[in-house]
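Enquirer: What follows is a predicted structure for the sequence shown.
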Amino acid sequence: MDTLFIGQHILELDETESTNTYATNLIKEIQVAEGAVVFTHNQTKGRGQVGNTWQAESGKNLTFSLILHPNFLAVDKQFYLSKITSLAVYGMLTDFLNTSLYDIKVKWPNDILVNDKKIAGILIENVLRGNFLQSSVIGAGININQQNFSNVDKQATSLSILLQQSFELKEMLHSFCRHFEALYLSLKQGNFDKVSQAYFKQLYKFNEWAVYQAKEQKFTAKILKVEETGLLVLSTEQNETLKFNFKEVQLIG
């Protein structure tokens, strides 16, 4: 692993219910080095954002959690961890996918799409100390070699489906770690604007009219921005500004 600290310590598990749960319990028990990764070949009860589940075929995909101690990051800037994780997945995918042929986008708040189909999901759980973060567990599920998604999500895809070849999972994990470390160090140096600019450049439906649904009401709006806290800010056709937290609004089309 040609990184300074991200992925230098990898705890490899044949099977676990959730790498996020395992990592969260681990940091309660012992002092874990920053950048340590909990990686499993089979995640039986993967968790998604706000109670959703993440399902993956055993041994086919990347399912892992990254442990950080981002005590430089204020609570009201914690969504930057989601930004750099999304960008790291994007960077990893661009190592293999030609962006002139494949449209890779970050869908707020925690999905990565290729040609409008989901290829990755992210779940971040933070422990706070005062106004700053004490520790973070960043879980990611990235579809690599799985071919059949009919029982999970017809709108899903994988690198193997897109390129008709199989990939070595450890190499893919190393690629992610390299991209993440560069972004994390940039964040540590205070390059918040640079990170945000990169994030908005890849944000799905950014500044484009689309149909959303909130509280069973449908409306047309476009994304103005995502606040540092993670709130999605939309502007409607009536020029009304609306803000939503996770799970409060859904993109319909």
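Expert: Thanks, I have the structure now.
Enquirer: distance of Ala140 from Lys118?
Expert: According to CB to CB, to the nearest Å, Ala140 and Lys118 sit 13 Å apart. No exception for glycine: its C-beta is placed from N, CA and C like everyone else's.
Enquirer: more neighbours, the two?
Expert: Taking neighbours as other CB atoms under 10 Å, Ala140 and Lys118 compare with Ala140 leading, 28 against 19.
Enquirer: Look at that one and give its secondary structure.
Expert: Judged by DSSP: H, G, I helix; E, B strand; the rest coil, the three-state class of Ala140 is strand.
Enquirer: For it, which non-adjacent residue is closest in space?
Expert: Distance criterion CB to CB, 6 or more residues apart in numbering; nearest residue to Ala140, sequence neighbours excluded, is Ile122 at 5.4 Å.
Enquirer: tell me which residues in whichever strand or helix holds the one you found are buried?
Expert: Assigned by DSSP states H and E, Ile122 falls within strand 117-129. Across strand 117-129, burial judged by 16 or more other CB atoms under 10 Å covers Lys117, Lys118, Ile119, Ala120, Gly121, Ile122, Leu123, Ile124, Asn126.
Enquirer: Residues contacting the top helix by length along the chain, please?
Expert: Secondary structure of the chain per DSSP state H: the longest helix is helix 169-188. Here helix 169-188 makes contact (CB atoms under 8 Å, 6 or more residues apart in numbering) with 1-7, 10, 35, 37, 39, 61-62, 64, 66, 68, 72-73, 80, 84-85, 87-89, 91-92, 95, 140, 142, 144-145, 159, 194-195.
Enquirer: Repeat the analysis, applying 6 Å as the threshold.
Expert: Here helix 169-188 makes contact (CB atoms under 6 Å, 6 or more residues apart in numbering) with 1, 3, 6-7, 62, 72, 80, 84, 87-88, 91-92, 95, 144, 195.
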